[in-house]
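> The following block contains a protein sequence and its predicted model.
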Amino acid sequence: MKSPNINRRTVPDRRKKSTPLMSKYTFLGGRRKFTRRSDDRDRFYFMDRYSAKLFVVLLFLLVLSLLDAFFTLLLMQERNVIEINPFMATLLQSGVTPFIVIKFMITSIALFVFCLCKNFVVTRVFLGLVIFVYLTVILYEVLIMYTIPSGVFVLSFSR
């Protein structure tokens with residue numbers, strides 16, 4: 001007769017440890033898209049697979065960042081605006097190439113972190129907030145381009 005209370009596992013329960021942030025499955029792909037257990041949803045968890053929707057959202061954010069850089073450079077040249085972000089203003093003093101490359105790298109690293117932490121509520125909220133801010137900044141830059149004549153001094157609110 002078998003006793004139902006005896007644990008017959010020979011290896012320790014792998015669920016006692018949370019999923020690592022970085023593993024071979026992060027880059028090679030895995031099988032997990034979502035959590036199955038309700039207890040796991042209450043903790044921080046990382047998944048192996050990422051949706052096409054997430055890819056499109058992150059790519060959209062990268063395009064917004066590059067558009068912001070383009071409009072900032074265009075407005076500085078055409079409309080005499082200044083960059084008010086001190087870090088980016090310092091980069092602009094080094095030249096256009098360092099400005100674009102470092103802005104791209106900072107954005108790419110942030111998008112990588114967003115991708116890895118996609119299941120955290122704070123990440124999803126922050127991702128939406130960043131998209132909203134970028135859209136607002138780009139709209140402001142477009143309004144400056146079409147409503148303010150050349151040579152007028154204007155502050156740029158680009159990131």
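In hand now; what should we look at?
> isn't there a helix covering residue 82?
No. With DSSP: H, G, I helix; E, B strand; the rest coil as the criterion, residue 82 is strand rather than part of a helix.
> can you count the residues close to it?
Residues near residue 82, counting by other CB atoms under 10 Å, number 13. Heads up, the C-betas are built off the backbone N, CA and C, glycines and all.
> Low-confidence regions, this structure specifically.
Scanning the chain with the threshold set as pLDDT under 70 gives 1-48, 149-159.
> where along it do the strands fall?
For the chain, strands defined by DSSP state E occupy the ranges 81-83, 154-156.
> How about the contacts made by residue 108?
Residues near residue 108 by CB atoms under 8 Å, 6 or more residues apart in numbering: residue 62.
> From residue 118, how far off is it?
Residue 108 is 16 Å from residue 118, where distance means CB to CB, to the nearest Å.
> for residue 51, same thing?
Residue 51 is 9 Å from residue 118, where distance means CB to CB.
> ok, those two, which is more surrounded?
residue 118 (17 against 12).
> Leaving out the residues flanking it, which one is nearest to the more buried one?
Of all residues not flanking residue 118 in the chain, residue 54 sits nearest, at 5.8 Å (CB to CB, 6 or more residues apart in numbering).
> Go ahead and confirm that neighbour touches residue 119.
No. Using CB atoms under 8 Å, residue 54 is not in contact with residue 119, being 10.3 Å away.
> Might one say that residue 60 is in contact with residue 131?
Yes. Applying CB under 8 Å, one finds residue 60 in contact with residue 131, separated by 7.2 Å.
> Stretch 100-116: which residues count as buried?
Judged by neighbour count (16 or more other CB atoms under 10 Å), stretch 100-116 contains these buried residues: 100, 103, 107, 110, 111, 114, 115, 116.
> Number of residues surrounding residue 54?
By the criterion of other CB under 10 Å, residue 54 has 14 neighbours.
> Going along the chain, name the helices of this structure.
Using DSSP state H, the helices of the chain run over 24-28, 38-41, 52-78, 86-94, 96-116, 121-147.
> Helix 96-116 and the fourth one, what's the angle between them?
Our comparison of helix 86-94 with helix 96-116, counting by axes from the mean of the first three to the mean of the last three CA atoms, to 10 degrees, yields an angle of 140 degrees.
> do the third one as well
Between the direction of helix 52-78 and that of helix 96-116, the angle (the same axes, to 10 degrees) works out to 160 degrees.
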